[in-house]
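**Student:** Predicted model and sequence follow; I will ask about them next.
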Amino acid sequence: MSKLKVGIIGTGAIGAIHMDAYKACNKAELVALCDISEAQLAAQGNRLNISQRFTDYRELLRSDVDAVSVCVGNALHRNVAVAALKAGKHVLLEKPMAMNAKEAAEIVAAGVKARKVIQIGMVNRQRSQIQLARNYVEKGLLGKIYHIRAVLIRRRGIPGLGGWFTTKAMSGGGPLIDIGVHWFDAAMYVSGLWKPTRVSAMTYAKFGTPMKNYRYVSMWAGPPKFNGKFDVEDYATGFVRFGKDASMDFDIAWAANAEDAGFVEILGDKGGIRMLDSKPLTLLTEHNGHMADIAPKHTEVNVFQTQAAKFLAACRGECPPAATAQEGLTVMKLLDAVYASSKLGKEVDL
Ligand SMILES: NC(=O)c1ccc[n+]([C@@H]2O[C@H](COP(=O)([O-])OP(=O)(O)OC[C@H]3O[C@@H](n4cnc5c(N)ncnc54)[C@H](O)[C@@H]3O)[C@@H](O)[C@H]2O)c1
């Protein structure tokens, strides 16, 4: 079978990782790149010796690629993904799926119309601990799941202060939409609780302004652009109901006067899982009359290569996408509800 021809739109930090993932995969041929930055395009094109280079994504979409990875900033996800689907390309779309649920719904509709694959870049799903956790849930080792705790706190971790990450019109929001999206997806994917019904939440912005006062040790996507903006939250906390039987509380921060922390705990009446911690997954349960923590040994995989391989398999019709557009839309609805609840100062229905 001939290899699928793939293009990358947006060759920045994550675009380069997608490029390497396809290069490592023998079922794809990475043939085309697009970036509005000619310097970035040249650097990445030369690095992997890719000759088809475009500064306008619409031109790349007129080429004979079968599939694209959409790796531009959040504000462009909807337009680029919809254009790619209309052009008959399969789409691996980076997270967050879009700026909000309305845009995400437009992508879903375009995918249905085009009958092409959309896979959302929820790369954490490929971590072997998440696959293991899901397997435990499917086998009933947790019993009835009733609560989830989702915590991701960076003491000082605002990315690219003053750049697109901290400018609402370009990012859609702060840590909630940037990193909380991974935790919400992981929580719902593993638990199978895909029907959030009500949210009560608060968001805060305490550290990003004035920018010159922000103290930090390192900055992803830095250095700060002091002539830029910070008009997003740096902390989001709240409570989600999944009907009357299950719930989730969350704490997501780019910056807080709190210790760095990161985990998702899924509590069931027979067992609990603690995952996405700095240590291996643990099954907290009872064994032979005693409380027992089971930490199964497992090796991690290259998550971006696994994600790319699953996307290509879906494009070939061998399996469903590893993270569907419909699931992406549900996550976006939940994010919208968090922001709405915080703005209105009350619990909101989804
Ligand atoms: N899956 C993950 O864990 C993960 C990690 C980092 C980023 N991301 C997501 O990936 C996306 C990109 O993030 P990043 O950190 O790589 O950003 P980045 O700024 O490093 O890269 C974005 C690239 O897009 C290019 N670009 C901008 N407008 C363009 C256009 N109209 N056409 C073509 N190219 C254009 C920019 O020049 C830049 O090179 C974001 O949505 C982000 O949330 C996901």
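**Tutor:** That came through, no problem. Numbering: from 1, shown residues only.
**Student:** mind checking how far the residue nearest to Gly268 when sequence neighbours are not counted is from Leu193?
**Tutor:** Distances taken as CB to CB, 6 or more residues apart in numbering put Leu142 closest to Gly268, at 3.0 Å, once the chain neighbours are dropped. In short, each C-beta sits where N, CA and C put it, glycine included. Separation of Leu142 from Leu193 (CB to CB, to the nearest Å) stands at 12 Å.
**Student:** go on, Ala42?
**Tutor:** According to CB to CB, Ala42 stands 46 Å off from Leu193.
**Student:** ok, the two, which is more surrounded?
**Tutor:** It is Leu193, of Ala42 and Leu193, that has more neighbours when counted by other CB atoms under 10 Å, with 20 against 14.
**Student:** Surely the more buried one and Ala150 touch.
**Tutor:** No - between Leu193 and Ala150 there is no contact under CB atoms under 8 Å: 11.7 Å.
**Student:** Now list whatever residues contact both of these two.
**Tutor:** With contacts taken as CB atoms under 8 Å, 6 or more residues apart in numbering, the residues that reach both Leu193 and Ala150 are 187, 248.
**Student:** What parts of the stretch 201-350 of the chain come near the ligand?
**Tutor:** Residues of the stretch 201-350 of the chain found near the ligand, taking CB under 6 Å from any ligand atom as the criterion, are Ala221.
**Student:** which stretches of the stretch 201-350 of the chain form helices?
**Tutor:** With DSSP state H, counting those that start in this stretch applied, the stretch 201-350 of the chain shows helices at 303-315, 325-344, listed in chain order.
**Student:** quick check: mean pLDDT across the longest one?
**Tutor:** Computed over helix 325-344, the mean pLDDT rounds to 98.
**Student:** Same question for stretch 184-200.
**Tutor:** Averaged across stretch 184-200, pLDDT comes to 98.
**Student:** Also stretch 81-99?
**Tutor:** Along stretch 81-99, the predicted local confidence has a mean pLDDT of 98.
**Student:** Just the pLDDT for whatever residue of the stretch 201-350 of the chain ends up closest to the ligand.
**Tutor:** When you check the stretch 201-350 of the chain against the ligand by CB to the nearest ligand atom, the closest residue turns out to be Ala221, at 5.9 Å. With respect to pLDDT, Ala221 has a value of 92.
**Student:** residues contacting it?
**Tutor:** Going by CB under 8 Å, 6+ apart, the list of residues near Ala221 reads 13, 159-160, 163, 165.
**Student:** shouldn't Phe207 be in contact with Val232?
**Tutor:** No - in terms of CB under 8 Å, Phe207 does not count as a neighbour of Val232; the distance is 11.2 Å.
**Student:** Show me what the strand or helix carrying Ala109 is packed up against.
**Tutor:** Secondary structure here is read from DSSP states H and E; on that basis Ala109 sits in helix 101-114. Counting contacts by 3 or more CB pairs under 8 Å, 6 or more residues apart in numbering; DSSP states H and E, the secondary-structure elements packed against helix 101-114 are helix 77-86, strand 118-120, helix 325-344.
**Student:** in the longest one, what counts as buried?
**Tutor:** Right, the one you point to is helix 325-344. In terms of neighbour count (16 or more other CB atoms under 10 Å), helix 325-344 has its buried residues at 325-339, 341-342.
**Student:** do the same with the first one
**Tutor:** By 16+ other CB under 10 Å, the buried positions in helix 77-86 come out as 77-85.
**Student:** quick revisit: quick one, the helix holding Ala109 and helix 77-86 angle?
**Tutor:** Counting by axes from the mean of the first three to the mean of the last three CA atoms, to 10 degrees, helix 101-114 points 0 degrees away from the direction of helix 77-86.
**Student:** hmm, who's touching helix 101-114?
**Tutor:** Residues outside helix 101-114 that contact it (CB under 8 Å, 6+ apart): 77-78, 81-82, 85-86, 88, 91, 93, 97-98, 117-118, 325-326, 328-329, 332-333, 335-336.
**Student:** where in the stretch 51-200 of the chain is pLDDT low?
**Tutor:** For the stretch 51-200 of the chain, no stretch has pLDDT under 70.
**Student:** Kindly report the residues of it close to the ligand.
**Tutor:** By the rule CB under 6 Å from any ligand atom, the part of the stretch 51-200 of the chain lying against the ligand is 57, 71-74, 76, 94-95, 121, 123.
**Student:** In helices, which of those residues fall?
**Tutor:** Using DSSP state H to define helices, the subset of those located there is Tyr57.
**Student:** and the residues of the stretch 51-200 of the chain next to the ligand as CSV, adding neighbour count?
**Tutor:** Compiled in CSV, these are given as follows (neighbours: other CB atoms under 10 Å):
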residue, neighbour count
Tyr57, 23
Cys71, 26
Val72, 24
Gly73, 16
Asn74, 23
Leu76, 20
Glu94, 22
Lys95, 22
Gly121, 25
Val123, 22
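**Student:** Now render the residues of the stretch 51-200 of the chain next to the ligand as CSV, adding distance to Phe239.
**Tutor:** As requested, those are exported to CSV (distance: CB to CB, whole Å):
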residue, distance to Phe239
Tyr57, 40
Cys71, 33
Val72, 33
Gly73, 30
Asn74, 25
Leu76, 32
Glu94, 28
Lys95, 23
Gly121, 27
Val123, 27
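**Student:** okay, among the residues of the stretch 51-200 of the chain next to the ligand, which ones form the most distant pair?
**Tutor:** Looking at those by CB to CB, the two members farthest from one another are Tyr57 and Val123, with 21.9 Å of separation.
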